[in-house]
Every structure is written in structure tokens, then in C-alpha cells.
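J.: Output the structure for:
(one chain, ligands or ions: 2)
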Amino acid sequence: MKTYKIACIPGDGIGKEVVPAGQTVLEALAATQNEFAFEFTSFDWGGDYFRQHGVMMPENGLDALRNQDAILFGSAGDPHIPDHITLWGLRLKICQGFDQYANVRPTRILPGIDAPLKRCKPQDLDWVIVRENSEGEYAGVGGRAHQGHPIEVATDLSVMTRAGVERIMRYAFKLAQSRPRKLLTVVTKSNAQRHAMVMWDEIALQISKEFPDVTWDKELVDACTARMVNRPASLDTLVATNLHADILSDLAAALAGSLGIAPTGNIDPERRYPSMFEPIHGSAFDIMGKGLANPVGTFWSCVMLLEHLGENAAAAALMAAIEQVTANPTLHTRDLGGSATTADVTQAVCAQIAQPQAQRKAA
Ligand code: IPM
Ligand code: MG
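T.: Ligands and ions are numbered 1, 2, ... in the order given. Predicted structure coming up:
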């Protein structure tokens, strides 16, 4: 039997509630078969760790994660610590330290979810956003001078490398190729940003030659927001820069019904390092500690984690269990207009997992 080593980093806020819920459903899945098991190691990094040690995670923290098979992450964000410190001190330190350059964000309208676009049928919205996750607007290059003086200056430089753009384009084309519609939209802003985004477009064209069976088009990021609302079915796989995809993925999650459902994977496609899976919702301090957090974003992230490990049957079983549960409005959390708790949803998903396949299908 294979044992997968999973590092759990709940982080801050509701991360501390949804990551244990994720562990519970992974344990429930492991209990249904004899092929694999999980060995979880939890790390108490985040805002509380910062208050004690002055850093979000230990200096050599990446070493503790290096030999893990995957990382399950909650969220980083603390009302008493500036956001750029919590982000750069933990989540980005892991993403960039492990060169997890492909951030993958699937969005679908799950059964039972009331999505805000009235003309959009659930089958019209089935997207995967591929976010460049290692450079661009998040390269961290820039600085401040003359601080506190009237002539103060500050810069954030967006950095794009040919190697960085080629690898994310290749990843996106490959992902598009693996999906039934084989359709990719390259999101750009080369009308206004006339250097890096023009190179981005050129590289998209170059890489497209390696994938003659993928149909692709280009869309300016501003027009893309309108297209997501007006013609959702015209999109399938999208690839965008770090910041463009950050914004588009929140819109995508909202159009699919709730930020509480949306999952993501920070992937090192070359598998030199562990990849990291997390819900995209953030720490949500307003509801923390109340048991109100929607654990579905974490469960769906666990589906992505299982797929990354190659456990496709288990991933499909978990996704089916999640969809059985979202289909039942009495099991909706507050973000979906319901009154179910994190524990209610977790128990219901575990109960679905424990049911034999045939019964589950019939349910
Ligand atoms: C995301 C988040 C982060 C980001 C925040 C927490 C800095 O919004 O994962 O989409 O912008 O990358
Ligand atoms: Mg975001």
C-alpha cells in the first residue's frame, strides 16, 4: 500500500477550519480502499506564528516540505499584519520557492448551486483558468525611494521572461488539449502594454504550432470580463498573467455561485517539488471560529490534489460525493444562502464517500 505524505498548512482565519475538514474527507476516502493511505504533517505557520517568532514560517521551512508528496494549504491573511507580509512570508514563499509556476483554477456551476447569471445554464460555464504563478506583476521587483518625502517614488515592475511565458503557454495548451473542447483563450493586454504583453502574444502563437489540434483565440483582459458574463459558453481553458488571472478567477468564482467553492492548485508540472492545493477564498476573519466556512473549496482542492497524485478514481469519487452534497440545499453553508455548518457539510461528504458506488449513483 502506498502512503502519501501530505503537509497541512491551515494558516490563518477559516483556513484553520477548512484544512482539518479536508483531512477528514481524505481520511474517509483512504478508508474505502486498500491501495493508498495518507500521512499528514501539520505546520502551525501563519499570523500566530508571526506574533511569536516575527516571521510567517521558519527560514528553513521549505526544507520541511521538500520531501512531501503534496501540500494542503488553508489561507494566509491576518487583520493585524499587513497583507503583503502575510502573503510574501508564507504563500508566495512556498509558490516561488518551489517554482509552482502553473496555478490552475477550475470553475463550474455545481449541482444545486444558484449562480447569478440567469441566462447561463450550468453546462455553459465550465472553465479552467491557468494563471502564470511565478513572475509577471507578482515578480516582487520594484522599490521605494524618498520615503515620507513629497518626492516619494514607488515601483512594482512586471517581469516576463521568455522561458516563463513559454512554459505556462505550453502547460495551458496541453491542458486545453486534454479537455473535450480543445479550446484555449489567451488573455492579453498587448494593445496597451507594448513590450511584455506583445512578447506574450508572440510566444502564444509560437507554442500554438506544437498543438495543431487546439483551437485558440486571443482576448483582451477587459473584454474578457464582459465575455465571461455575456458569452460564458464561448470559453473553456484560459491562460493569463499572474494579476489578470487573479482578477478573472474571482469573477469566475462569483459567476459560478460562490467564492467558497472555488479550488486551486499551485503546480510544479516538472514535479521537482511538492505542489500545493488550496481554496481561493482567503482567511475570512469575519466568520472565523464560527463553523460557518464552506469547506467545498477545500474539498475540490483535495480532488485536484488526488489527480496530481495520479489517484484519478479517488478524485472522481470525491468529486461525485461533493456534487451529491451541493445538490442538497439543506447542506448549503451561509455563502450559498443556507444554514449548514462546516461540520454538517463535511459529515455529509464523508457519508457519501462511505456509500458503495452503486448506491451513491442512485442517491
Ligand atoms: C489568490 C489571492 C491572492 C493573490 C492574495 C491572497 C494575495 O487573491 O490566490 O487569488 O492575489 O494571489
Ligand atoms: Mg485572488
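
J.: make it CA atoms for all contacts and neighbour counts henceforth
T.: OK.

J.: how about the strands in this protein?
T.: In the chain, the strands defined using DSSP state E lie at 2-11, 36-42, 70-75, 102-108, 126-132, 136-145, 153-159, 183-188, 215-220, 237-240, 263-267, 275-279.

J.: Kindly calculate the angle that the fourth one makes with strand 126-132.
T.: I take that to be strand 102-108. Calculated by axes from the mean of the first three to the mean of the last three Cα atoms, to 10 degrees, strand 102-108 forms an angle of 160 degrees with strand 126-132.

J.: for the last one, same thing?
T.: With the same axes, to 10 degrees as the basis, strand 275-279 and strand 126-132 are set at 130 degrees to each other.

J.: now check strand 275-279, is it near ligand 1?
T.: No: using Cα under 6 Å from any ligand atom, strand 275-279 stays clear of ligand 1, coming no nearer than 8.3 Å.

J.: for the third one, same thing?
T.: No: contact of strand 70-75 with ligand 1 (Cα under 6 Å from any ligand atom) is absent, the minimum separation being 7.6 Å.

J.: sorry, back to before: so which of the strands of the chain is the most packed in?
T.: strand 275-279 (a mean of 29; mean count of other Cα atoms under 10 Å).

J.: partners of it in the sheet?
T.: Sheet pairing of strand 275-279 (DSSP bridges) gives strand 70-75 (parallel), strand 263-267 (antiparallel).

J.: Let me have the ones you listed in CSV, extended by mean pLDDT.
T.: Listed next are the strands paired with strand 275-279 as CSV, based on pLDDT from 0 to 100:
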stretch, mean pLDDT
strand 70-75, 97
strand 263-267, 98
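
J.: Would you tell me which of those gets closest to residue 109?
T.: strand 263-267 (12.7 Å; Cα to Cα).

J.: for that closest one, the distance to its chain's centre please.
T.: Chain-centre distance of strand 263-267: 4 Å, with Cα atoms, centre = their mean, to the nearest Å.

J.: which outside residues touch it?
T.: Strand 263-267 is contacted from outside by 95, 100-106, 133, 274-280, 297-298, 300-301, 304-305, using Cα atoms under 8 Å, 6 or more residues apart in numbering.

J.: now do 6 Å
T.: 100, 102-105, 275-280, 297, 300-301 (Cα atoms under 6 Å, 6 or more residues apart in numbering).

J.: Nearest to residue 3 among these?
T.: Nearest to residue 3 among the contacts of strand 263-267, with distances taken as Cα to Cα, is residue 275, at 16.7 Å.

J.: Spit out the contact partners of the spatially closest residue to residue 189 that is not a sequence neighbour.
T.: Leaving aside its sequence neighbours, residue 189 sits nearest to residue 220 (Cα to Cα, 6 or more residues apart in numbering; 5.2 Å). Counting by Cα under 6 Å, 6+ apart, residue 220 makes contact with 187, 188, 189.

J.: before we move on, what about residue 176?
T.: With contact set as Cα under 6 Å, 6+ apart, residue 176 has these partners: 182, 183, 184, 237.

J.: Tell me the confidence at the last one?
T.: Residue 237 is assigned a predicted lDDT (pLDDT) of 98.

J.: Now for the closest residue to ligand 1 within the stretch 1-150 of the chain, how many residues are close by?
T.: Residue of the stretch 1-150 of the chain nearest ligand 1, by Cα to the nearest ligand atom: residue 87 (5.8 Å). If you count neighbours by other Cα atoms under 10 Å, residue 87 ends up with 17.

J.: what domains does the record give for this structure?
T.: 1-102+261-363, 116-255 (automatic domain parsing).

J.: now for those, which one comes closest to residue 110?
T.: Once the domains of the chain are compared by Cα to Cα, domain 1-102+261-363 is nearest, at 6.3 Å.

J.: re the thing from before, which two in the contacts of residue 176 are spaced the farthest apart?
T.: In the contacts of residue 176, two members sit farther apart than any others by Cα to Cα. They are 182 and 237, at 8.1 Å.

J.: Is stretch 296-311 positioned near ligand 1?
T.: No: judged by Cα under 6 Å from any ligand atom, stretch 296-311 and ligand 1 are separated, with a smallest distance of 12.4 Å.

J.: Is it possible to get a markdown table of the strands paired with strand 275-279 that adds distance to residue 341?
T.: What follows is these, written out as a markdown table (distance: least, Cα to Cα, whole Å):
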| stretch | distance to residue 341 |
| --- | --- |
| strand 70-75 | 17 |
| strand 263-267 | 19 |
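
J.: between these, which one is nearest to residue 113?
T.: Of these, nearest to residue 113 by Cα to Cα is strand 263-267, at 15.6 Å.

J.: For the spatially closest residue to the residue of the stretch 1-150 of the chain closest to ligand 1 that is not a sequence neighbour, give me its contacts.
T.: Sequence neighbours aside, residue 76 is the residue nearest to residue 87 in space, at 6.3 Å (criterion: Cα to Cα, 6+ apart). By Cα under 6 Å, 6+ apart, the contact list for residue 76 reads 11, 12, 86.

J.: now with 7 Å?
T.: 11, 12, 46, 86, 87, 91, 282, 283 (Cα atoms under 7 Å, 6 or more residues apart in numbering).

J.: Now the residue in the stretch 151-300 of the chain that ligand 1 sits nearest to: closest residue in space, sequence neighbours ignored.
T.: Across the stretch 151-300 of the chain, the shortest distance to ligand 1 (Cα to the nearest ligand atom) belongs to residue 246, at 4.8 Å. Nearest residue to residue 246, sequence neighbours excluded (Cα to Cα, 6+ apart): residue 131, at 7.3 Å.
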